[in-house]
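Visitor: Quick one, fold the following:
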Amino acid sequence: MTQAEKEQDNGKEKEKEREKEKDKEQQRGVKRPIAPPAIPEPVQEQIQSNFVVVIHPGSRTLRIGRATDTLPVTVPHVIARRHKQSGQPRYEDTWLLREGLNKPESKEQRQNGLKMVDQAIWSKKMSNGVRRTPVSAEQCSCLNKFSSPSNIDEINDLPLSKFHPDNMQALYVNPSDCYNIHWPVVRGQLNVRPGPGGSLTAVLADLETIWSYVIQKHLEIPLKDLKYYRCVLLVPDIYNRQHIKEVVNMLLIKMGFSAIIVHQESVCATFGSGLSSACVVDVGDQKTSLCCVEDGVSHRNSRLCLAYGGSDVTRTFFWLLQRAGFPYRDCQLSSRLDCQLLQHLKETFCHLDQDISGLQDHEFQTRFPEAPALLYQVRLGDEKLQAPMGLFYPTTFGIVGQKMTSLQYRSQGDSEDPHDEHYLLATQSKQEQARHTCRYANGGIGELSELPRGCGSGGSGGGMQGEMELGPGQGECLMGSAEVDEPLSAHLSRKTAIMSQFESKALGLDKAILHSIDCCASDETKRKMYSSILVVGGGLMFHGAQEFLLHRIINKMPPSFRRLVDNVEVITRPKDMDPRLISWKGGAVLACLDTTQEMWIHQREWQRFGVRMLRERAAFVW
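Guide: Take a look at the predicted model:
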């Protein structure tokens, strides 16, 4: 027998022995270990960032671009609509003008605000320890009233209204042409109002036209290809749920994006700046919003929206220029081109640096369609410092009888979402309901029961998982604690009166920051917020603003926190980025994170479930 045959026989014998062993084990009932089958991991759809469009709509500027773009496309958020019939009256949304300016008390209020501004300028010493010498408007006026312009070139040929209807050159439409001018967003909200083009349907149509135009022309994406693209939409911290629902429906159904993420501007600002926690101060053109963000979640109770911004500073600067004998005497706040000029002058001349000398000579040009370009000389004093200080003394804006402060109220409910927080509240145990009777009076639906907890209410209650609540030791921000035996009707009346009084007041920017931080739950959270005050938006881009705001925060913060906070820091240009682009950049970062994959709302899901998807998928409590 050969060696190969021997090995073959041995192998057969071993196989027989193994089979015998198996038979014995089965007879004894011994179970052999079974290897688990290989289960493939669920394949997660890989999101390609260049197929994600990030949209950040503002009151005056739209920022839109792919998530992979270094910078977004930035265009005025305005549209010109040609009249459908000749002879129709023109309609134009105002820019710098607003309600509440022509009241009998407006002039007196402006003067009182200016007195407080002058006192603040005098009380803060310059870096050399000397107090600033004030410059009166009369000193400038005596010199400016003799100033006359000089021609610098031939007739200017700025673009007129010779363009296709509804395109984005609306700011340069000739006022005599048959166009209506609409700004679809005002003070961070959709510009729904009486009058032509003011219905919700018309405003949404304006948004769709503007956004579609920019996507096609600037991003070079055909609208028929949007089914391959996703969208990240940035919304204000204090938002109108009905409006957000309609805009999401427009993006997914009418424009045809395949999926969408909705997130808040303040949280995206922290993503864009690389901060984990911050008190985000967003100073825009028409509104200023504040919110404390901790680890990607905004504290609901710290959200404030102030109904003033950079355009109010521009209008106040114009008032101060007129007091100083502004040589361009035909300037009107009702003119779009004059508003652009005033905006440019504010950005060029204004500052918050006390060390800059008061009395200085300046030059500026006017370039208008079908008119010669003119060069003006103007001498200015403290006007350049007084105007931006209006953000800290809002009475200088002269706005009377308007709601100046907004808080985040609880949802009023939606018929398409029957299992929302109100459903959860209604199905709580009797014990829970009794414990929250004072908090959720009238079924928990009326606005009186929806005060933020830091402002006199009890909190978010059931169904609001993930909300940042205030601790029981937190004092009432707007009103003292109610007496135990106080009747419910009296308590609610007191809430109504105090809320009405609070919302009619315009808090200065520094006081609003302190209020927002004070509404946080714990001292540790407050310490974090004082250590990282992030200023974004274009409304506070003045030279010296960072040092000025820091000085006011340190001087006004509670003495108890001065010992706890190691370092108060105001950040105005994180990573040397343009503060106007930080929130958009944060939206682009958000689109690329693996952790956001569960936040996408797909078109088919929206068609089937509607607004319920926002409650389920939004990264903030809807």
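Visitor: So Lys575 belongs to a helix, correct?
Guide: Yes. Assessed by DSSP: H, G, I helix; E, B strand; the rest coil, Lys575 belongs to a helix.
Visitor: Could I get the contacting residues of it?
Guide: The contact partners of Lys575, by Cβ atoms under 8 Å, 6 or more residues apart in numbering, come to 273-274. In short, each C-beta sits where N, CA and C put it, glycine included.
Visitor: Can you check the pLDDT for it?
Guide: What the model reports for Lys575 is a pLDDT of 88.
Visitor: Could you say which helix or strand holds His263?
Guide: strand 259-264 (DSSP states H and E).
Visitor: CA atoms only for that strand, dumped as PDB, please.
Guide: What follows is strand 259-264, C-alpha atoms only, in PDB (Å, rounded to 0.1, in the frame of the first residue of the first chain):
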ATOM      1  CA  ALA A 259     -35.800  66.100   1.100                       C
ATOM      2  CA  ILE A 260     -35.400  68.900   3.600                       C
ATOM      3  CA  ILE A 261     -33.900  69.700   7.000                       C
ATOM      4  CA  VAL A 262     -35.300  72.600   9.000                       C
ATOM      5  CA  HIS A 263     -33.100  74.100  11.700                       C
ATOM      6  CA  GLN A 264     -32.800  77.300  13.700                       C
END
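Visitor: Offset the numbering so it begins at 226, please.
Guide: Noted, 226 is the first residue going forward, which turns the last one into strand 484-489.
Visitor: Tell me which helix or strand comes right after that strand.
Guide: That would be, after strand 484-489 and using DSSP H and E, helix 490-498.
Visitor: and that following helix, what's its mean pLDDT?
Guide: The model assigns helix 490-498 a mean pLDDT of 96.
Visitor: List the contacts of that helix.
Guide: 281, 459-462, 501-503, 505, 507, 514, 516, 518, 521-523, 759, 761, 796, 799-800, 802, 806-815, 844-845.
Visitor: Output stretch 793-811 as CSV - backbone C-alpha positions only.
Guide: Provided in CSV are the C-alpha atoms of stretch 793-811 (Å, rounded to 0.1, in the frame of the first residue of the first chain):
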residue,chain,number,x,y,z
VAL,A,793,-16.5,87.3,29.7
GLU,A,794,-15.9,87.1,25.9
VAL,A,795,-17.7,88.7,23.0
ILE,A,796,-17.0,87.1,19.7
THR,A,797,-17.8,89.1,16.6
ARG,A,798,-15.7,87.4,13.9
PRO,A,799,-15.1,83.7,14.8
LYS,A,800,-12.3,82.3,12.6
ASP,A,801,-12.1,85.7,10.9
MET,A,802,-15.4,84.9,9.1
ASP,A,803,-17.9,87.5,7.9
PRO,A,804,-20.5,87.5,10.7
ARG,A,805,-23.3,87.8,8.1
LEU,A,806,-22.4,84.3,6.7
ILE,A,807,-21.9,82.3,9.9
SER,A,808,-25.4,81.0,10.2
TRP,A,809,-25.4,79.9,6.5
LYS,A,810,-22.0,78.3,7.0
GLY,A,811,-23.5,76.4,10.0
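Visitor: what comes up buried for it?
Guide: 793, 795-797, 799, 804-811 (16 or more other Cβ atoms under 10 Å).
Visitor: which strands and helices sit next to the helix or strand Thr573 falls within?
Guide: Per DSSP H and E, Thr573 falls inside helix 561-574. If you count contacts as 3 or more Cβ pairs under 8 Å, 6 or more residues apart in numbering; DSSP states H and E, helix 561-574 packs onto helix 535-548, strand 585-591.
Visitor: For that helix, which residues meet the burial criterion?
Guide: Counting neighbours by 16+ other Cβ under 10 Å, helix 561-574 gives 561-564, 566-568, 570-571, 574 as buried.
Visitor: re the thing from before, partner strands of the strand holding His488, with direction?
Guide: strand 455-460 (parallel), strand 826-827 (antiparallel) (DSSP bridges).
Visitor: center of this structure, which residue is that?
Guide: Among the residues of the chain, the one closest to the centroid is Pro461, at 4.1 Å (Cα atoms, centre = their mean).
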